[in-house]
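1. Take this sequence and fold it.
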Amino acid sequence: MSMNRKEEIVLVTLELAAEKGLANVSMSMIADKIGIKKPSLYKHFASKEEIVEAMYEFLRKQAKEKSNIKPIDYSVLFVGKTAFEVLQTVVSGYVKMNHQEQILNFYRVIYSERSMNPMAAKIVAEETDKMIIATKQLFYAMEVHKMLHFKNPDMSAVSFAMTIHGLMDYELDQSNGECKDSSDGKLLEDYLKWFCEENAV
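-> Got it, this is the predicted structure:
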């Protein structure tokens with residue numbers, strides 16, 4: 001498969017960051033690994049920060065395509081589904097997207113460095129913001145279609161998005177830690193059922 005130079009730079013940087021940690025990767029290392037001169041690297045990206053931003057956008061877009069995630073048409077999504085089935089469809093798509101190998105490797109690098117690296121923290125916050133905005137839009141649509149009722153849709157969306165993120169992290173930690181009592185998505189499913197009961201019309 002042919003790959004343009006920017007894509008190659010992004011993927012090589014991810015490989016180096018997974019191996020050495022993002023903070024320990026330099027522009028010289030990236031250029032050496034690709035087999036180009038450092039000035040050539042600067043023709044494509046002005047800084048390592050710019051590469052990491054491009055990496056996030058590229059890998060997220062690629063993961064969405066691989067997971068077949070398209071803009072949501074609520075009139076199609078809601079047809080013949082219960083509130084639980086709607087949330088299950090949306091959440092399982094998000095989980096599937098974030099479990100694609102390359103984006104998962106990217107998040108492992110970013111999560112491990114977010115407490116010390118402002119750029120990593122910014123990306124984690126950006127991803128959470130995207131999920132909160134998407135969840136608010138979904139909840140307002142569900143309210144209009146009388147699928148669920150929220151006393152405060154905005155705060156419900158924040159709470160839901162943060163809980164989903166937390167449960168995804170928890171299940172990933174369990175599988176990485178090879179925990180014997182791994183929930184295999186059961187906790188996530190139980191949460192969705194509970195959430196629908198709590199916010200039933």
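
2. Show me the shaky parts of this protein.
-> Scanning the chain for pLDDT under 70 picks out the ranges 1-3, 176-185.

3. In it, what residue spans correspond to helices?
-> 5-20, 27-34, 38-44, 48-66, 74-77, 83-98, 101-113, 118-144, 153-176, 186-198 (DSSP state H).

4. what's near enough to touch residue 139?
-> 148, 150, 153, 156, 157, 160 (Cβ atoms under 8 Å, 6 or more residues apart in numbering). For glycine as for every other residue, the C-beta is placed from the backbone atoms N, C-alpha and C.

5. burial of the fifth one, as a residue count?
-> Spelled out, it's residue 157. Neighbours of residue 157 under the rule other Cβ atoms under 10 Å: 21.

6. so how far is residue 50 from it?
-> 31 Å (Cβ to Cβ, to the nearest Å).

7. for the first one, same thing?
-> In this view, residue 148 and residue 50 are 41 Å apart by Cβ to Cβ.

8. which of those two has more neighbours?
-> Under the neighbour definition other Cβ under 10 Å, residue 148 and residue 50 were set side by side, and residue 148 has more, 22 against 13.

9. Kindly confirm whether my reading is correct that the more buried one touches residue 78.
-> No: Residue 148 is not in contact with residue 78 according to Cβ atoms under 8 Å; the separation is 11.1 Å.

10. overlap in contacts of those two?
-> Common neighbours of residue 148 and residue 78 (Cβ under 8 Å, 6+ apart) are residue 142.

11. For the protein, which residue occupies the most central location?
-> residue 98 (4.8 Å; Cα atoms, centre = their mean).

12. just checking, that residue touches residue 105?
-> No: counting by Cβ under 8 Å, residue 98 sits too far from residue 105 to count as a contact (11.4 Å).

13. Distance check, the residue nearest to residue 54 when sequence neighbours are not counted against residue 20.
-> Closest residue to residue 54 apart from its sequence neighbours, by Cβ to Cβ, 6 or more residues apart in numbering: residue 10 at 5.7 Å. For residue 10, the distance to residue 20 equals 16 Å [Cβ to Cβ].

14. Those two: who's more crowded?
-> Each of residue 10 and residue 20 has its neighbours counted (other Cβ under 10 Å); residue 10 has more, 26 against 13.

15. Of all the residues in stretch 95-108, which ones are buried?
-> Neighbour counts over stretch 95-108 (16 or more other Cβ atoms under 10 Å) mark 95, 97, 98, 99, 100, 102, 103, 106, 107 as buried.

16. Columns distance to residue 115 on top of these, output as CSV?
-> As requested, the buried residues of stretch 95-108 are exported to CSV (distance: Cβ to Cβ, whole Å):
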residue, distance to residue 115
95, 24
97, 25
98, 20
99, 23
100, 25
102, 23
103, 21
106, 17
107, 15
